[in-house]
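Peer 1: I'll drop the sequence and a predicted model, then ask my questions.
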Amino acid sequence: MASALHVLKRLVLGRPLRSDRLRETLLPKRLALPIFASDPLSSVTYATQEILLILSLGGLALLYLTPWVALAVVVLLAVVVASYWQVVHAYPSGGGSYEVVARNLGRNPSLVVAAALMVDYVMTVAVSVAAGVDNLVSAVPSLYPQRVWIAVVVVVLMMAMNLRGTRESGQAFAVPTYLFVASMGLTIVVGLGQAAAGHPPVAESAGWDIRPEQLDVTGLALIFLLLRAFSSGCTALTGVEAISNGVPAFRRPKDVNAGRTMIIMGALAIGLFSGVTALAMVSGVRIANNPCDLIGFPADCHSTGQRTVIAQVAGAVFGLDSVLFFVVQAGAALILLLAANTAFNGFPMLGSLLAQRRYLPRQLHTRGDRLAHSNGIVLLGLVAIALIAAFAGSVTALIQLYIIGVFTSFTLSQIGMVKHWNHLLADASDAAHRARYHRSRLVNAVGAVLTATVLVVVLITKFTHGAYLVVIAIPLLYFLMRAIHRHYRDVRRELEPERDGITLPSRVHAVVLVSTLHKPTLRALAFARANRPDTLTALTVNVDDAETHLLRSEWERHGIGVSLKVVESPYREITRPVIDYIKRIRREGPRDLVCVYIPEYVVGRWWENLLHNQSSLRLTWRLRFEQGVMVVSVPWQLDSSHRRDIDRVHHIPGHTRRGITTPPT
């Protein structure tokens, strides 16, 4: 069983990497772009769609407002990209928003940002994968009933790819990202060229009407709907901060390479989002939350989903049966499915940083065989799968949970950067430096005002549509991290050595637990005697009179030079009588030490563990809670354990020829 698990682990993860090969996993810009920019680039596929979905609540009458809402999103995106470009250069050690807020605003705001970012990363995986599956279903409608299972399988595959290491996952994700950028760029150029030539593309839904859900959209109702459409369109900003979180993963000079990648990402995201929105308006795309609200929808609206905006635009430009249509859909589906890789890089790094500072369990800080933060990757994947299953893979339902965490971290990060520039200005005397600091502070101040405004809008417009769950989740994570940190702090204080050093016990009492007189028992007695305790007692529990009588007879016949103490157990328990006996010794000498020796079998097959050592496991667990008590396991290796070659070296082809010694795995 263990060998089979080892083979499976190596097939999925590959061979382990030495710690000194960590530098080999650093990323050049051509691989960093698809890894860290796949999330903001992929949001192009659904940001325009989310704007249209909200405006369509008022029917066709409000769709003319789409370009203005999109323009507001573009302006905000440009400001946020500029703000995080400054974060990259100011804090090249990584950590992004969390690091900025921790250094400038203090612990509590930084934990709020950390909680918001963790929620954001989880939602990135869930939303990106669900949206990717939707685009796949748009090309192959027969897959619609299996979309949730497809999404779950995709998340599992992504976990496996990221567990293999950052560099390998980057190589796997580079082609789909560049395919999406190239195919969407071609679609935009060709579509707008057709429109300029007087033959604009026409979407399959251009002739449909939309049954409005809100009949009287005027005054305050119109403003509220516009704000809600804007907040939905702000999904285009998700993932912008990923590069600032992952600066340590770049090759040197890290901040320069990360900053250039940030600029390229921002330019591509703005260009693609603007182009898709323009084509959606030119081609007359119609889309609604409920397909049954589409008047003229040709299929059964209860069992068939409508095509995404990207699919309709590509179909209008190239034709629904053309090869280029399927290329665009493949690129859109792949980048959406792989956009979650941004979170699979950002979440483990953030978790590692928080664990290093004792705000999360230490296990999240350690690296696995492939030098990836394996525990963080697995945790993120499992939570994302749970969300996809809970919301039946619905992008519309999941998207409502998405924006609050993003803009919470955006806002606090920009406020922190303003304070950062204030500190530098206070110490700067050079006029050129002061001018640069003033410009930088202005950029971050504008960013803080805009993102704070969006955060308020999102809270108001999305609260009753599911965002309240995030409002609950972020404080829960905040208090959980505070509790974990408090636990680690208390443990550290409790374990600090005293000035007088360790106080020696007055006496040492050795107690050897006996069930049968056999070789393991004799070894435990010999080992206990070799440690020269003040008293040595063999202890057995009487759960069967005949067996206890036989044990006493064997004890006397072999002439064991240790007294055998029998404790009664009328209810056939073993653990409680032993604990009571140990407690009596402790009460008689509070400064004494009791050392309990437990003979145990060492077996070679997993199923043999089910047949042995169960009583000793329960006793060991219970005795660990008794003060002044030490538990010593005395192993006896059975024949089956000798067949396990745990030190076998797994040779790699070519290593013997090159004289390389492979360490045990």
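Peer 2: Okay, I see it. Residues are numbered from 1 along each chain as shown.

Peer 1: And the residue lying closest to Trp85 once chain neighbours are set aside, how close does it get to Ala78?
Peer 2: Nearest residue to Trp85 in three dimensions, chain neighbours excluded: Met262, at 5.0 Å (Cβ to Cβ, 6 or more residues apart in numbering). Every residue, glycine included, has its C-beta placed from N, CA and C. Using Cβ to Cβ, to the nearest Å, Met262 is found at 12 Å from Ala78.

Peer 1: what residues are up against Ala82?
Peer 2: By Cβ atoms under 8 Å, 6 or more residues apart in numbering, the contact set of Ala82 is Gly266, Val443, Gly447.

Peer 1: redo that, cut-off 6 Å
Peer 2: Val443 (Cβ atoms under 6 Å, 6 or more residues apart in numbering).

Peer 1: And for Leu364?
Peer 2: Leu364 touches Gly351, Ser352, Ala355, Asn375, Gly376, counting by Cβ under 6 Å, 6+ apart.

Peer 1: Have a look at Met262 and Ala78 and say which one is more surrounded.
Peer 2: More crowded of Met262 and Ala78, by other Cβ atoms under 10 Å: Met262, with 28 against 14.

Peer 1: quick check, the more buried one in a helix?
Peer 2: Yes: secondary structure assignment places Met262 in a helix (DSSP: H, G, I helix; E, B strand; the rest coil).

Peer 1: contacting residues around it?
Peer 2: Trp85, Val88, Ile243.

Peer 1: Give me the pLDDT for the spatially most central residue of the chain.
Peer 2: What sits nearest the mean C-alpha location of the chain, by Cα atoms, centre = their mean, is Leu380, with 2.7 Å. Predicted confidence (pLDDT) for Leu380: 91.

Peer 1: With Val512 as the reference, measure out to it.
Peer 2: 48 Å.

Peer 1: what does His558 give?
Peer 2: As for His558, its distance to Val512 is 15 Å (criterion: Cβ to Cβ).

Peer 1: Looking at the two, which has the bigger crowd around it?
Peer 2: Val512 (28 against 10).

Peer 1: does the more buried one really touch Val596, like I thought?
Peer 2: No: applying Cβ atoms under 6 Å as the test, Val512 and Val596 come out as separate, 8.0 Å apart.

Peer 1: Tell me which stretches of the stretch 1-150 of the chain form strands.
Peer 2: Taking DSSP state E, counting those that start in this stretch as the criterion, the stretch 1-150 of the chain contains no strands.

Peer 1: Pass me the low-pLDDT residue ranges in it, would you?
Peer 2: 1-27, 29, 94-95 (pLDDT under 70).

Peer 1: switch the cut-off to 50
Peer 2: Counting by pLDDT under 50, the ranges of the stretch 1-150 of the chain that qualify are 1-2, 5, 8-10, 12-13, 17-24.

Peer 1: ok, now the chain?
Peer 2: Applying pLDDT under 50 to the chain picks out residues 1-2, 5, 8-10, 12-13, 17-24, 370, 649-665.

Peer 1: which residue of it sits farthest from its center?
Peer 2: Farthest-from-centroid check, the chain (Cα atoms, centre = their mean): Arg557, 62.9 Å.

Peer 1: if I look at that residue, how far off is Thr516?
Peer 2: 14 Å.

Peer 1: mind listing the strands for the protein?
Peer 2: Along the chain, counting by DSSP state E, strands occupy 209-210, 294-295, 508-513, 535-542, 564-568, 593-602, 629-637.

Peer 1: circling back to that earlier point, which residues do Met262 and Ala78 both contact?
Peer 2: Between them, Met262 and Ala78 share no contacting residue, judged by Cβ under 6 Å, 6+ apart.

Peer 1: What segments of the stretch 151-300 of the chain are helices?
Peer 2: 166-196, 220-233, 242-245, 254-283 (DSSP state H, counting those that start in this stretch).

Peer 1: looking just at contacts, which helices and strands does the longest one meet?
Peer 2: Put plainly, it is helix 166-196. helix 29-42, helix 147-163, helix 254-283, helix 309-318, helix 323-356 (3 or more Cβ pairs under 6 Å, 6 or more residues apart in numbering; DSSP states H and E).

Peer 1: Report the angle between it and helix 29-42.
Peer 2: 50 degrees (axes from the mean of the first three to the mean of the last three Cα atoms, to 10 degrees).

Peer 1: okay, the angle between helix 166-196 and helix 147-163?
Peer 2: Here helix 166-196 points in a direction 130 degrees away from that of helix 147-163 (the same axes, to 10 degrees).

Peer 1: Asn135 and Gln312, how far apart?
Peer 2: 11 Å.

Peer 1: follow-up on the earlier one: dump the helices and strands packed on helix 166-196 to TSV, plus distance to Pro577.
Peer 2: Output for the helices and strands packed on helix 166-196, formatted as TSV (distance: least, Cβ to Cβ, whole Å):
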stretch	distance to Pro577
helix 29-42	60
helix 147-163	47
helix 254-283	63
helix 309-318	71
helix 323-356	42
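
Peer 1: nearest to Ser205, of the ones you listed?
Peer 2: Closest to Ser205 of those is helix 309-318 (Cβ to Cβ; 6.0 Å).

Peer 1: Can I get that closest one in CSV, CA atoms only?
Peer 2: This file holds the C-alpha atoms of helix 309-318, laid out as CSV (Å, rounded to 0.1, in the frame of the first residue of the first chain):
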residue,chain,number,x,y,z
VAL,A,309,-20.8,37.3,-24.5
ILE,A,310,-17.4,36.1,-25.7
ALA,A,311,-19.0,33.2,-27.6
GLN,A,312,-21.6,35.5,-29.2
VAL,A,313,-19.0,38.1,-30.2
ALA,A,314,-16.7,35.4,-31.7
GLY,A,315,-19.6,33.8,-33.5
ALA,A,316,-20.7,37.2,-34.9
VAL,A,317,-17.2,38.0,-36.2
PHE,A,318,-16.1,34.5,-37.6
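
Peer 1: And the contacts of it?
Peer 2: 45, 48-49, 138, 187, 190-191, 201-204, 279-280, 283, 285, 324-325, 328, 332.
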